[in-house]
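K.L.:
3D, please:
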Amino acid sequence: MSSIDSLMHRPGVGRFLVATASLVLGAGLLVVPAARAAEAAPAAEAAGEEHGVDWQAWKAGNQVTDVSSLQRGATNFVNYCVGCHSLKYMRFERMAKDLKISDEQLRKSLIPTGAKPTDYILSTFPKADAETWFGRQPPDLSLITRSKGSDYVFQFLKGFYVDETKPTKTDNLALPGAAMPAVLSDLEGVKRVVFGTGEAGHGGGKPVERFEQVSAGALTPAQYDAFVRDTVNFLQYVGEPSQVDRESIGIWVVLFLMIFTLFAWMLKREYWKDVH
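P.N.:
Numbers count the residues shown, from 1 in each chain. Have a look, this model is predicted:
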């Protein structure tokens, strides 16, 4: 019998190696639910329409490993968000390097006139004007997905509806009384909410019976969902730019520790075999 066969037949070793293999396979499968969530989300939303709109169940389905999505999200943020919101912990240069954006593309499409690649992504919206128009300065979004969750941001960007009683003539399902107007209405279109009379949804707030489209936007519902997902995906990346590297390195660290533990256990048995 070989030394490996002998090791496998020692008490407890077989169970240890089986557990090790299970842990390694489990670590490799951690990325699957996120990928499937993006595919399943539209079907789940459509199914919810039959018995009212369960908007609290809308999921972002982010994949921060999808560089193309992150590139589109960065473009969305620069074109629609940076006028009011900053990313005070992110530099243009770092973003371009991580997202594989060439220096030419960065300077041509993403950096404002007069800015440098080493600058942070900051809004130039005057604070006094923001407080006059909205009652407060728009928040920095560097950590919004870490503090609120990516699903919340996704629901917020999809949750605007007409409300003539509000100063902005709109309100939001995820954040009632939001000071932010529906800045993406040209893409999504304008919709009205018909509230139900039953109990509140599992996330609180009035139950939504259905949406009524007031005017169409430039994008179809599926295209707008993709637009929002790319934007939220980018914001999740901004919240922790090194998360992909950290997770991939973490798997190797866990593997090293498990192998080290195995050898330490074998060495312990060798030292103590004559004692017992």
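
K.L.:
was I right about Asn62 contacting Val232?
P.N.:
Yes - in this structure, Asn62 is within contact of Val232 by C-beta atoms under 8 Å, at 6.2 Å. For the C-beta atoms, the positions are set from N, CA and C on the backbone; glycine is no exception.

K.L.:
shared neighbours, those two?
P.N.:
Counting by C-beta atoms under 8 Å, 6 or more residues apart in numbering, the contacts common to Asn62 and Val232 are Ser150.

K.L.:
contacts for the helix or strand harbouring Arg146, please.
P.N.:
Secondary structure from DSSP states H and E places Arg146 in helix 144-148. Defining contact as C-beta under 8 Å, 6+ apart, one finds that helix 144-148 is touched by 153, 232, 235-236, 238-240.

K.L.:
for it, what is the average pLDDT?
P.N.:
The average pLDDT within helix 144-148 is 95.

K.L.:
quick check, distance from it to the centre of its chain.
P.N.:
9 Å (C-alpha atoms, centre = their mean, to the nearest Å).

K.L.:
same deal with stretch 168-188?
P.N.:
20 Å.

K.L.:
flag every buried residue along it.
P.N.:
Within stretch 168-188, the residues scored as buried using 16 or more other C-beta atoms under 10 Å are 168, 170-174, 178-182, 184-185, 187-188.

K.L.:
send me it as PDB with only the CA atoms.
P.N.:
Output in PDB follows, covering the C-alpha atoms of stretch 168-188 (Å, rounded to 0.1, in the frame of the first residue of the first chain):
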ATOM      1  CA  THR A 168     -40.700  67.800  -7.800                       C
ATOM      2  CA  LYS A 169     -44.000  66.400  -9.000                       C
ATOM      3  CA  THR A 170     -42.600  62.900  -8.400                       C
ATOM      4  CA  ASP A 171     -42.200  60.500  -5.400                       C
ATOM      5  CA  ASN A 172     -40.300  57.300  -4.900                       C
ATOM      6  CA  LEU A 173     -41.400  53.900  -3.600                       C
ATOM      7  CA  ALA A 174     -38.000  53.100  -2.000                       C
ATOM      8  CA  LEU A 175     -37.600  56.600  -0.400                       C
ATOM      9  CA  PRO A 176     -40.900  58.400   0.100                       C
ATOM     10  CA  GLY A 177     -40.400  62.100   0.000                       C
ATOM     11  CA  ALA A 178     -37.200  61.900  -1.900                       C
ATOM     12  CA  ALA A 179     -35.800  65.300  -2.800                       C
ATOM     13  CA  MET A 180     -34.300  63.900  -6.000                       C
ATOM     14  CA  PRO A 181     -36.500  64.400  -9.100                       C
ATOM     15  CA  ALA A 182     -36.900  61.600 -11.700                       C
ATOM     16  CA  VAL A 183     -33.800  62.500 -13.700                       C
ATOM     17  CA  LEU A 184     -34.000  59.300 -15.700                       C
ATOM     18  CA  SER A 185     -37.600  59.800 -16.800                       C
ATOM     19  CA  ASP A 186     -36.400  60.600 -20.400                       C
ATOM     20  CA  LEU A 187     -35.100  57.000 -20.500                       C
ATOM     21  CA  GLU A 188     -37.700  55.100 -18.400                       C
END
